[in-house]
Every structure is written in C-alpha cells, then in structure tokens.
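Colleague: pasting the structure only:
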C-alpha cells in the first residue's frame, strides 16, 4: 500500500519546518514591500545587514556563511550593491584575493532608513508575545540550526 501524501506533514518536525518555510516567505514578501521604495529587496537588505554585522571585516564567503547562503548568490547581490554604491571593497590582510565588503556612507544611510521602516513592523510582530517564550523560540531555532550545521558524521556520534 502506498503511503498517504498527508503522512509527511503529520510529523511534528515536518510541521515545524513547513511553518518556518511559510514564515520565511512571509518575511521576504513583507521585507520586499517595505524596502522597495529604498531601491532594495529583502535579499539586498539582508546582505547589507550582514555587512553591518561584520563591521567591514567579512569577505563575501564569510557573509554567505553568516547568512547560511551560497557564496555565489551572495556574490551576485554584493556586486549589485557595489554597482549601486551601497558597498565597496577593501583589502583583506588575511587573504589577497578575498576582499572585505564594507559599507559606503550611502549604504549606511539606506540601511538605517530600512531599519527605521522595519522597527514598527517588528514591534507589532512581537506585540503581546511573552518575552520568555520569545527567548525560548530563538534558542530552539538556533539549536536546530546548529544541529543542521554539524558535519554529518558528528550528528551520528
């Protein structure tokens, strides 16, 4: 007898992953609409955030690792941001070819404007959520991500 198509979604882990995918899609859609007037997309905004987080000390590979994305996709977005004058490249003392990605003054201003647009949305998103439950959710998601990032052989030990 063939398995029911609904069975994969009956498992709690699958239900959680599906909800995370839906949340990610909703965040991207909301972010795209929010920052479109600034000439950004969610992808560009996310990369700018990672550049800010790295304080100019991240190469494209490190930015990609920080975001859990493929280096090639982040390189494409960084190139677009550089062409728009939002980021620039600086020498990397640790690696001759892997330049560091740094914010330009214009990029910093655009990122700050995007952050200001996001603040009330973010506040409304968590309004009424118990702070302890929010911290617990953050810790759970971080723990699951860390498990996935472990090498396959370490996960089976």
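Modeller: Structure received. Just so we're clear, the structure is a prediction, and the values are computed from it rather than from any experiment.

Colleague: quick one, helices of the protein?
Modeller: For the chain, the helices defined by DSSP state H occupy 12-35, 42-54, 60-67, 71-83, 105-126, 131-149, 152-155.

Colleague: can you tell which of those helices is closest to residue 89?
Modeller: Each of those has some distance to residue 89 by Cβ to Cβ; the shortest is helix 71-83, at 7.0 Å. C-beta here means a position set from N, CA and C on the backbone, and glycine is covered the same way.

Colleague: From the contact counts, what lies against that closest one?
Modeller: The contact analysis (3 or more Cβ pairs under 8 Å, 6 or more residues apart in numbering; DSSP states H and E) places helix 71-83 against helix 42-54, helix 60-67, strand 87-92.

Colleague: rewinding a little: which of the helices of the chain sits closest to residue 98?
Modeller: Among these, if distance is taken as Cβ to Cβ, the winner is helix 60-67, at 6.4 Å.

Colleague: tell me the mean pLDDT over the closest one?
Modeller: Taken as a whole, helix 60-67 has an average pLDDT of 93.

Colleague: tilt between the longest strand along the chain and helix 60-67?
Modeller: When the chain is parsed with DSSP state E, its longest strand is strand 95-103. Orientation check (axes from the mean of the first three to the mean of the last three Cα atoms, to 10 degrees): strand 95-103 against helix 60-67 gives 60 degrees.
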